[in-house]
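Novice: Sharing a model that was predicted from the sequence below.
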There are 2 protein chains.
Amino acid sequence: MRTGYHKQLSELCTQLSEMCGLTADAMDRATQALLDADLTLAEQVIADHAHIALLNRRAEETALKLLALQQPVAGELRTIVGSIRISADIERMGALAVHVASISRLRHPECALPNDVRASFAEMGTRAVQLARTAQEVLRSPDPEKAARLHDEDDAVDAEHRHLFTLLIDHKWQDGVCSAVDVALLGRYYERFADHAVEIGRRVIFEATGGLPANKQLA
Amino acid sequence: MRTGYHKQLSELCTQLSEMCGLTADAMDRATQALLDADLTLAEQVIADHAHIALLNRRAEETALKLLALQQPVAGELRTIVGSIRISADIERMGALAVHVASISRLRHPECALPNDVRASFAEMGTRAVQLARTAQEVLRSPDPEKAARLHDEDDAVDAEHRHLFTLLIDHKWQDGVCSAVDVALLGRYYERFADHAVEIGRRVIFEATGGLPANKQLA
């Protein structure tokens, strides 16, 4: 029975890692759809989210079952409880990719991004997807040092996000109010996506060491 | 020992309810600070958040301890696991109130809100605080019917949020880009605050009935 239990526990971690990988794919495609005003790709991101939501629900059911039937303690208990919060982070990451895709769809056939901010979003997209891939890796093979690096990698997303606001607020924005609103919200979606990846890293560290590092949740 | 256990479980629910009440207070003050450009009040909301974050951490520790020492099953297990996700929702609500206060502080001594949208934010603030109060009540005394009403009450926040975007995008916005960006982000903060209250309602229903109603998490 304990063998079956360890198999299920390991499957739960694999499941979370795969879900995190799906959100990395989703944000990658959403960014491409945004940069290229690609309606088909945007709609694909939106349609695919139901699958992530379903997996999220299954992960939580597996966690509940393990808690009910196996009475885990110490490290295993932290892993299972952590998985419940991690699956919520992953679902939000998927939802944020959908938000990016939705703005892209809403503005089609126009591109939602004025030329001045294209490079910023390409950069934020690359960084955000990379953060999700790192989170995916540490969920598969817990590595507190790599997980801690997520916090530093996020600084680049935050810096790009601040730069966007400099363009919007301090400089003379020439592209109109509608576009400024889109850009402000899009920037926020990327920033939050990255924060959730950092939060997953914090949880992985907590599960490995029993101590939670300082959080970025105020973002 | 089981008596002590039930006492701790009941204390955990009380703790969550009180934390939710604190976020209602925070959003109430943040809205007042926003409407009146009141710097002292805004700074108070920002400073007070550390307390909510601390309570959040304690609630999670209590939940972990209950799971480790008491091997709960069925309804009690759902309550404890639910409390872990609920405490995350509550902490986000607190963080969103801080975001509102931060914009208010950033624009001081100016008011961040142009006259045209003051009534909308007064309305969204009242509704959002009311949703948090209802969530506080159902956390103290679980009531699936009342919890389900949170979903409907949130429709008013969503409607006001859509109305804001009509003002920003479809009409001729006369108050400049900086102000449009503030209004778009502020609208988002209220909408998300309300969504977390609805999510708490869903969790309360799940704990009472074992079934999760459809979610609004895509917002």
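Specialist: Done, it's in.

Novice: From what I see, A:Ser120 and A:Glu160 are in contact.
Specialist: Yes. Shown here, A:Ser120 and A:Glu160 form a contact pair, counting by CB atoms under 8 Å, at 5.5 Å. No exception for glycine: its C-beta is placed from N, CA and C like everyone else's.

Novice: Please list the residues of chain A that sit near chain B.
Specialist: Within chain A, the positions lying close to chain B (CB under 8 Å from any CB of the partner chain) are A:49, A:53, A:57, A:63-64, A:67-68, A:71, A:73-74, A:77-78, A:81, A:84-85, A:88, A:91-92, A:95, A:98, A:165, A:168-169, A:173, A:177-178, A:180-181, A:184-185, A:188, A:212, A:215, A:217-219.

Novice: Looking at A:Ser120 and A:Glu160 now, which is surrounded by more residues?
Specialist: A:Glu160 (23 against 19; other CB atoms under 10 Å in any protein chain shown).

Novice: any idea which element the residue nearest to A:Ala74 when sequence neighbours are not counted lies in?
Specialist: By the measure of CB to CB, 6 or more residues apart in numbering or on different chains, the closest residue to A:Ala74 outside its immediate chain neighbours is B:Ala68, 7.6 Å from it. With elements delineated by DSSP states H and E, B:Ala68 resides in helix B:39-70, which encompasses its position.

Novice: so after that helix, what's the next helix or strand?
Specialist: Counting by DSSP H and E, the element after helix B:39-70 in chain order, helix or strand, is helix B:74-107.

Novice: Show me which positions of that next one end up buried.
Specialist: Neighbour-count burial for helix B:74-107, counted by 16 or more other CB atoms under 10 Å in any protein chain shown, picks out B:76-105, B:107.

Novice: Report the mean confidence score over that helix.
Specialist: Across helix B:74-107, the average pLDDT comes to 94.

Novice: same for that helix, what does it pack against?
Specialist: Using 3 or more CB pairs under 8 Å, 6 or more residues apart in numbering or on different chains; DSSP states H and E as the contact definition, the elements that helix B:74-107 packs against are helix A:39-70, helix A:74-107, helix B:2-36, helix B:39-70, helix B:176-209.

Novice: same for the last one, what does it pack against?
Specialist: The contact analysis (3+ CB pairs under 8 Å, 6+ apart) places helix B:176-209 against helix A:176-209, helix B:2-36, helix B:74-107, helix B:115-140, helix B:144-165.

Novice: Can you lay out those as TSV showing distance to A:Ala132?
Specialist: Formatted as TSV, the entries for the helices and strands packed on helix B:176-209 read as follows, by distance: least, CB to CB, whole Å:
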stretch	distance to A:Ala132
helix A:176-209	5
helix B:2-36	28
helix B:74-107	19
helix B:115-140	30
helix B:144-165	28
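
Novice: Tell me which of those sits nearest to A:Ala147.
Specialist: Proximity to A:Ala147 (CB to CB) singles out helix A:176-209 among the helices and strands packed on helix B:176-209, at 3.9 Å.

Novice: closest one to A:Phe206 among the helices and strands packed on helix B:74-107?
Specialist: Judged by CB to CB, the one of the helices and strands packed on helix B:74-107 that comes nearest to A:Phe206 is helix A:74-107, at 6.3 Å.

Novice: the inter-axis angle of the helix holding B:Ala68 versus helix A:176-209?
Specialist: An angle of 30 degrees separates the directions of helix B:39-70 and helix A:176-209 when computed by axes from the mean of the first three to the mean of the last three CA atoms, to 10 degrees.

Novice: now for helix B:39-70, which elements pack on it?
Specialist: The criterion is 3+ CB pairs under 8 Å, 6+ apart, and the helices and strands that helix B:39-70 contacts are helix A:74-107, helix B:2-36, helix B:74-107.

Novice: any chance of these in JSON lines, plus distance to A:Leu113?
Specialist: Below are the helices and strands packed on helix B:39-70 laid out as JSON lines (distance: least, CB to CB, whole Å):
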{"stretch": "helix A:74-107", "distance to A:Leu113": "9"}
{"stretch": "helix B:2-36", "distance to A:Leu113": "29"}
{"stretch": "helix B:74-107", "distance to A:Leu113": "24"}
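
Novice: Among those, which comes closest to B:Thr126?
Specialist: Proximity to B:Thr126 (CB to CB) singles out helix B:2-36 among the helices and strands packed on helix B:39-70, at 7.8 Å.

Novice: can you pull the buried residues of stretch A:192-205?
Specialist: Of the residues in stretch A:192-205, those buried under the neighbour-count criterion (16+ other CB under 10 Å) are A:192-205.

Novice: Could you find the closest non-adjacent residue to A:Asp130?
Specialist: If you look again at residue A:130, you'll see it is Gln, not Asp. Nearest-residue entry for A:Gln130: A:Glu153, 6.9 Å, with adjacent residues in sequence omitted and distances by CB to CB, 6+ apart.

Novice: and A:Cys111, what does it touch?
Specialist: When the contact criterion is CB atoms under 8 Å, 6 or more residues apart in numbering or on different chains, the partners of A:Cys111 are A:Leu34, A:Leu35, A:Asp36, A:Ala37.

Novice: before we move on, back to that, need the helices and strands packed on helix B:74-107 in JSON lines with distance to A:Gln130, can you?
Specialist: Putting the helices and strands packed on helix B:74-107 into JSON lines (distance: least, CB to CB, whole Å) gives the following:
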{"stretch": "helix A:39-70", "distance to A:Gln130": "18"}
{"stretch": "helix A:74-107", "distance to A:Gln130": "13"}
{"stretch": "helix B:2-36", "distance to A:Gln130": "33"}
{"stretch": "helix B:39-70", "distance to A:Gln130": "28"}
{"stretch": "helix B:176-209", "distance to A:Gln130": "25"}
